[in-house]
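Peer 1: Predicted model, plus sequence, below.
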4 protein chains.
Amino acid sequence: MIPRYSRPAMAAIWEPANKFRTWFLIEAHACDALAELGVIPAAAAAAVWEKGDKPYTPERVARIDAIEAEVKHDVIAFLTELAEHVGEPARFVHQGMTSSDVLDTCLAVQLTQAADLLLADLDALLEALKRRALEHKMTVCMGRSHGIHAEPVTMGLKFASFYAEFERARDRLRAARADVATCAISGAVGTFANIDPAVEVHVARKLGLAPEPVSTQVIPRDRHALFFAVLGVIASSVERLATEIRHLQRTEVREAEEYFSPGQKGSSAMPHKRNPILTENLTGLARVVRAAVVPALENVALWHERDISHSSVERMIGPDATVTLDFALARLTGVVDKLVVYPDAMTANVARMSGLVFSQRVLLALTQAGVSREDAYRLVQRNAMRVWEGEGDLLTLLRADTEVSAALDAEALAGLFDLDHHTRHVDTIFKRVFGSALTPPAGAGGPAGAPE
Amino acid sequence: MIPRYSRPAMAAIWEPANKFRTWFLIEAHACDALAELGVIPAAAAAAVWEKGDKPYTPERVARIDAIEAEVKHDVIAFLTELAEHVGEPARFVHQGMTSSDVLDTCLAVQLTQAADLLLADLDALLEALKRRALEHKMTVCMGRSHGIHAEPVTMGLKFASFYAEFERARDRLRAARADVATCAISGAVGTFANIDPAVEVHVARKLGLAPEPVSTQVIPRDRHALFFAVLGVIASSVERLATEIRHLQRTEVREAEEYFSPGQKGSSAMPHKRNPILTENLTGLARVVRAAVVPALENVALWHERDISHSSVERMIGPDATVTLDFALARLTGVVDKLVVYPDAMTANVARMSGLVFSQRVLLALTQAGVSREDAYRLVQRNAMRVWEGEGDLLTLLRADTEVSAALDAEALAGLFDLDHHTRHVDTIFKRVFGSALTPPAGAGGPAGAPE
Amino acid sequence: MIPRYSRPAMAAIWEPANKFRTWFLIEAHACDALAELGVIPAAAAAAVWEKGDKPYTPERVARIDAIEAEVKHDVIAFLTELAEHVGEPARFVHQGMTSSDVLDTCLAVQLTQAADLLLADLDALLEALKRRALEHKMTVCMGRSHGIHAEPVTMGLKFASFYAEFERARDRLRAARADVATCAISGAVGTFANIDPAVEVHVARKLGLAPEPVSTQVIPRDRHALFFAVLGVIASSVERLATEIRHLQRTEVREAEEYFSPGQKGSSAMPHKRNPILTENLTGLARVVRAAVVPALENVALWHERDISHSSVERMIGPDATVTLDFALARLTGVVDKLVVYPDAMTANVARMSGLVFSQRVLLALTQAGVSREDAYRLVQRNAMRVWEGEGDLLTLLRADTEVSAALDAEALAGLFDLDHHTRHVDTIFKRVFGSALTPPAGAGGPAGAPE
Amino acid sequence: MIPRYSRPAMAAIWEPANKFRTWFLIEAHACDALAELGVIPAAAAAAVWEKGDKPYTPERVARIDAIEAEVKHDVIAFLTELAEHVGEPARFVHQGMTSSDVLDTCLAVQLTQAADLLLADLDALLEALKRRALEHKMTVCMGRSHGIHAEPVTMGLKFASFYAEFERARDRLRAARADVATCAISGAVGTFANIDPAVEVHVARKLGLAPEPVSTQVIPRDRHALFFAVLGVIASSVERLATEIRHLQRTEVREAEEYFSPGQKGSSAMPHKRNPILTENLTGLARVVRAAVVPALENVALWHERDISHSSVERMIGPDATVTLDFALARLTGVVDKLVVYPDAMTANVARMSGLVFSQRVLLALTQAGVSREDAYRLVQRNAMRVWEGEGDLLTLLRADTEVSAALDAEALAGLFDLDHHTRHVDTIFKRVFGSALTPPAGAGGPAGAPE
């Protein structure tokens, strides 16, 4: 997490003010429950709320830091500073609790807050993808396997594919959020030896968490491992979309381009440059988010009822992975939103291979016309290879190939070189992905080849 | 995946016979749908089933391999061999399909088969954990944080904690199974240009899969990434349980031991050795399973409608991760099942620290008795440190400390040194984890300290 | 490691025959040293060589396996089978040694054997790269940053860059080989309590290893971690070269192509396809090799004098990483060797951007002519952006721009659009990389644009 | 990189002041070379040094940030601010260079600076390990394989093992430092089209770097990948030593303890606790450092002459990995330096297993006495198993075993139970590791069992 790749709302989750505020809420709610149980005076619980329920200003944070520098224990420092506000009743705070009760429950709150921002990020990205999918539903462009022209698709299908992928991301993140949303207030080794389980239940409900069914001193780390693993999967999907755009912007392809603002400089040395730097940057950020996955997995096998090896890891990957992914998703949404699409270039690229992309249809038609599959393949391939060598376009060559024309006449052959054939099922796919076929607004996108 | 760490049922999923059998089912079901649509003759579809529906014997596999060695294409080799059985109608097989339709749908079938075995493995492990949890529900043993004695827990709680963790593993694996259980029969770039979407729907239903809403040439790899990530999380939980047992078996701790059969040799050089080699082995196997996670994440960002970089990765991590995890879960179940537990040693270890483990309770009692938290901490700590130095047991030292005895008399102090206090909420936790408190059978486990 | 991605020589290193043969050598050399020390009879050592020094045939391997199935200990099984050949003197074999002495020293031998094959692979790759670099030393092609045309380079420079990178790979692998080439025969905890250090020294010398200065029971695993990390770095370089070729083969770029043999089929469905499947495959294999790095790092922190968690990991990643990398390097060498380069396409691509790629030179010339850097940038960029919009070529537009022509006349401008300017220092770079400028053979490659 | 785990000197390397200072040096040295070549006026180069050679104060950094916020280009912002100091001659700065020339060369400088600090850290750690090795050269303690008592070693041998491991770390880091210590000033695609190679040579020499033999726009990233991989291996060695100490401090073992200062609190809830929190923390920090390895490997395969995906990764892992490892090594050195060793506890633990640890020696003696290896094993094991069951000590049981006593009389048996036998070769190992046997100072350590 570095400022360059951070957005304020997510960064704030990991700042001391939010952490201490959450600690306060945990302690104060626990006091209510302890008072209800008669373990501490009701007046003490009331005092905590009355005198302690105020923001953690920079001054308060500095005060806590100063105390921690002395006592070398963050929770004790926090409690000491709180006592300075609450006064004498403060001694009833944290009764029977252990530091992990506060730290782990706070982490659960922070991770759910982070997940909520990421879910909103995904909503925004999905909205942008849907809009662009609709806009370019019928914008024909080249489909490529292995980087080689295969058969036509539409730009809307590309967007739809990413829409479906990020919908899965959203589902998985929701599940992962639920997985980490637990509260543990169970004492030194999770036995509730010195604190009633009712306290945990109360605090959990107040914070929107579920009680952890069985904690040791800590909330089990398989929950966090799954959470970071899901972030890693989402980051990989970010990389896939970023890679797609980088490819489309390559000079020789140039079917789409990141928005390039007037006055922007692509390169200090080469004034002609317009580079896909945002999506390249996203490719790198995906690596950074994924880097959290392995340490999160290594954090699971704590010794016995806990060791503290996970703590330093989480201090880093907690902010790093969530802040970076939040930034990446927002950047990606902006890129999708403003992506400049060049339907003419798409049309030109489809046409570039002189009809090669219809080879499968010819193959199937020959087969239907009674040619064996092996022969049909041979016939189409030998003409296709001549196209690669620059000896003409496929239709012309096929027509001139007597073995081919024996099976398919000129008209039948020409009928196979038809882009519309490839877009017949776009509606079906859109219905699957978006729940309806979505009709593009008049004038938007349109079949490649149409006048723009 | 190596034989040493493989079990037959899981290994069989990845063997050619199962792969080709699945390819056959995909093709044959597709023929039915194509016949229904009138694309191919109904008789052809019938012939495929009649003549092709037989096991892939080693001879057939060898024949396919021989053809592949010639044509260098696995699906073509498979179809050629099939044609040798089906005869002329074979030319209607695979109409309008692309190799990936077969390969990716087959992988989905294999991964769901693998998931089903792993889910059964988890069921068996959960059963063993539950049985041992029940047996040792009230077997008091030391709870340790940082490897240092903290406060007492029970061995049953340890098992319950792992039970809850592996239940989460099961839930996640079920979700991951659903995530990869999709079928794609959508043609060269996913547009259904040459095959009707109804074929996909039919094949999916027959194979227990869902149709992939939008495929490109391939099923999107975020699904597989999530699947392998979940295996990685489960492997980490395996490591946690293995590590717990390794710790309990350490010579100085020796509260539990892997079963050591008569005649077994622990070391060729040192005849006295009894080593926790199974759980050490599981620790290593966890690393192997986790090693699949990063490549699976790197597989997501394929170029455009697909590149084939994921393929070699999946040929390796598909079998490796599932076979190894299957083996690991079964081995772990055996270890749990036969784990030798030493309640006497647990009792002795609890007693070893001369009462230190009751320090928190004394601290809280002093606080309740009006001593400030700071003073109480100081008083208990100064006596506890003397215990570490071997100067006596904590209760005796506390009684002799006039500042302490001013607040708590001898009887009150003695009352704090009470193991039962720490097991009061075991029922509560068991109810949370198992849905009921579970009553141990008469004679099983029992409170540490009871005569065995 | 699967047969599809294996070559025989590397696979043989990891087969039982080589393993047992190495174990025999370790034991037999140790007997010599023990006899020299007078610990065992010289006749016994002689008998071991006389009767035991023969190949491990499949029959012998099967016999050892059968014994292991019974005694559940691989080294004991090996020794038992050896005794069947050697007879009574066999009881002097393995005196004072521990299994790890044999296993770890054997692993060192296997890793150095694997390293030697990989070094030979690198030599072959370097040879191919050098040959192609020479051939295309002056074949001008587009240099691209961010996938966007930047300035011209030569295809030879590309090869030279990879040559230098794989030379570094070779240097690092040599160092890594030395790092793992140690021998430990030091007994149960490395103290030589029951075996004289002279035995270790003797065996090490005979096997071409160095004695491990301080072993515990095992050779420390930081050595192996470094080894696998170096393999991971090499795999990443394989990925870089594979990615370069995949890019060059993209339909729209098509400056180079993997060799496509007559009769080859690129796609079962689309007869026109010629895909870079080898380099895509290499991209995936790189991920597989890299997957060994993290588990190798996790293997370092064994408990105390050793635990056995590393063992299962090494049984898998040892063969997997070396066999896969060997296969990948050989495949890559083949690809480089037979890569079809299209200098005409390179020339066409350089020309495609209508002179944009000379923008920096114009910028510098304007600066030299007294225009401020800011103004110069603005002038060039505004004309370059018109080229992107398809409004003409850069030279024509610049000439028509009065602000530009005020500083540089038409002739001066034209002189800047000169490819030779960009190849002036190719000799310098070749000298740095190859130690000499290398002169291409007459007729090879040649400046793009020259008649082919 | 977070303040909690940072030390100032390493953090400063990554701060803007050092970065901009390095950029200045690169530009100013380049001016000298350009002036020497006659490309720019000598007076301009002189002016750059005279007016620009001053520290980057917070004010200057803020000024550069302000400019960057406007022009969105860090190097341009830097040059603009520099021009404000240098005045008119500033227009000769950066002639023919590209941003990467500055950025990549600066990264090389920063990584070598970081490596130098890490090398000094390793020196300090080695010094501490050597001192403690000497001190405890003959302090006998238990050697453990699989966490189970094996045979005796000495605490000095443990330290020596880590000394050797961190010496290897130092060697590898030196090599990795050399690998990244290159300078590239080669222009937009590495062809020196607009800048003479002599500039690169000059700047490299001035900065203590080697010229990069062939750069593209960037220095090849396999160099950086190797660098971070080596940091990952070192981190794993940190984890091994940390794990050893954590084990030795376990309550039941307690042979060593992290220094616990008067007034320190081990746990807020349990006043008796003394936890190995520093080494647990180091275990986590090792995971963090290792997390840089995979992204560094993924950074290698940049597209063509460069893409910018590596940049965001390096902005994070550069500081993160070096700052964290620096902190970890320093913390580890402190732990080693002040580690409290308990020789009495070691003696007690060696004795704990009632002579079991001498089992191998008895086995060998029986063999020497003519008993077959199989019988000897059986005899020793059956008595050893009785010891595990608490039925007595091994020597007594063996003496009472008539089969054993038939081969070895009571005196012979007793002679085998001798700790000195296990320390005979400590001198040899010390000589290998330290170059001399090292004699402990009088009174230090001493054989376990000696009066302390």
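Peer 2: Sure, I can see it.

Peer 1: Dump the C-alpha coordinates for stretch A:165-174 into PDB.
Peer 2: What follows is stretch A:165-174 as a C-alpha-only set of coordinates in PDB (Å, rounded to 0.1, in the frame of the first residue of the first chain):
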ATOM      1  CA  GLU A 165     -16.600 -13.100 -14.800                       C
ATOM      2  CA  PHE A 166     -16.800 -10.100 -12.500                       C
ATOM      3  CA  GLU A 167     -20.300 -11.200 -11.400                       C
ATOM      4  CA  ARG A 168     -18.700 -14.400 -10.200                       C
ATOM      5  CA  ALA A 169     -16.100 -12.300  -8.500                       C
ATOM      6  CA  ARG A 170     -18.800 -10.500  -6.700                       C
ATOM      7  CA  ASP A 171     -20.500 -13.700  -5.600                       C
ATOM      8  CA  ARG A 172     -17.200 -15.100  -4.300                       C
ATOM      9  CA  LEU A 173     -16.400 -11.900  -2.500                       C
ATOM     10  CA  ARG A 174     -19.700 -11.900  -0.800                       C
END
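
Peer 1: Give me the residues contacting it.
Peer 2: For stretch A:165-174, contacts defined as CB atoms under 8 Å, 6 or more residues apart in numbering or on different chains pick out A:115, A:118-119, A:122-123, A:125-126, A:129, A:230-231, A:233-234, A:237, A:240, B:179, B:220, B:222-223, B:226. Bear in mind the C-beta positions are built from the backbone N, C-alpha and C, glycine included.

Peer 1: which ones among those residues are found in strands?
Peer 2: Taking DSSP state E, every one of these sits outside strands.

Peer 1: now those: which count as buried?
Peer 2: A:115, A:118, A:122, A:125-126, A:129, A:230-231, A:233-234, A:237, A:240, B:179, B:220, B:222-223, B:226 (16 or more other CB atoms under 10 Å in any protein chain shown).

Peer 1: where does residue A:447 land on pLDDT?
Peer 2: Residue A:447 is assigned 42 on the pLDDT scale.

Peer 1: same thing with residue A:436?
Peer 2: On pLDDT, residue A:436 comes in at 81.

Peer 1: next one: residue A:271
Peer 2: So residue A:271 comes in at 88 (pLDDT).

Peer 1: Ok, residue A:69 next?
Peer 2: 89.

Peer 1: How about whichever strand or helix holds it, which residues are buried there?
Peer 2: Assessed by DSSP states H and E, residue A:69 sits inside helix A:58-71. For helix A:58-71, a neighbour-count test (16+ other CB under 10 Å) marks A:60-61, A:63-64, A:67-68, A:71 as buried.

Peer 1: How about the residues of the stretch 101-250 of chain A by chain C?
Peer 2: Within the stretch 101-250 of chain A, the positions near chain C by CB under 8 Å from any CB of the partner chain are A:142, A:144-151, A:246-247, A:249-250.

Peer 1: circling back to that earlier point, show me what the helix holding residue A:69 is in contact with.
Peer 2: Helix A:58-71 is contacted from outside by A:16-17, A:20, A:74, A:76-78, A:80-81, A:84, D:265, using CB under 8 Å, 6+ apart.

Peer 1: Name the next helix or strand downstream of it, please.
Peer 2: helix A:74-86.

Peer 1: so that following helix versus helix A:58-71, what angle?
Peer 2: 130 degrees (axes from the mean of the first three to the mean of the last three CA atoms, to 10 degrees).

Peer 1: what residues go with each domain of chain A?
Peer 2: A:1-95, A:100-193+A:209-260+A:273-353, A:356-416 (automatic domain parsing).

Peer 1: Name the spans of the stretch 51-200 of chain A whose pLDDT lies under the cut-off.
Peer 2: Applying pLDDT under 70 to the stretch 51-200 of chain A picks out no residues at all.

Peer 1: Where does it get nearest to chain D, residue-wise?
Peer 2: Residue nearest to chain D within the stretch 51-200 of chain A: residue A:98 (4.4 Å; CB to the nearest CB).

Peer 1: List the contacts of residue A:218.
Peer 2: Residue A:218 sits next to A:100, A:104, A:184, A:302, A:305-306, A:310 when contact means CB under 8 Å, 6+ apart.

Peer 1: center of chain A - which residue?
Peer 2: residue A:234 (3.7 Å; CA atoms, centre = their mean).

Peer 1: does that one really touch residue A:326, like I thought?
Peer 2: No. Judged on CB atoms under 8 Å, residue A:234 makes no contact with residue A:326 at a distance of 10.8 Å.

Peer 1: intersection of neighbour lists for those two?
Peer 2: residue A:118.

Peer 1: Quick check: residues of the stretch 1-150 of chain A near chain B?
Peer 2: Within the stretch 1-150 of chain A, the positions adjacent to chain B are A:91, A:95-96, A:143-147, A:150 by CB under 8 Å from any CB.
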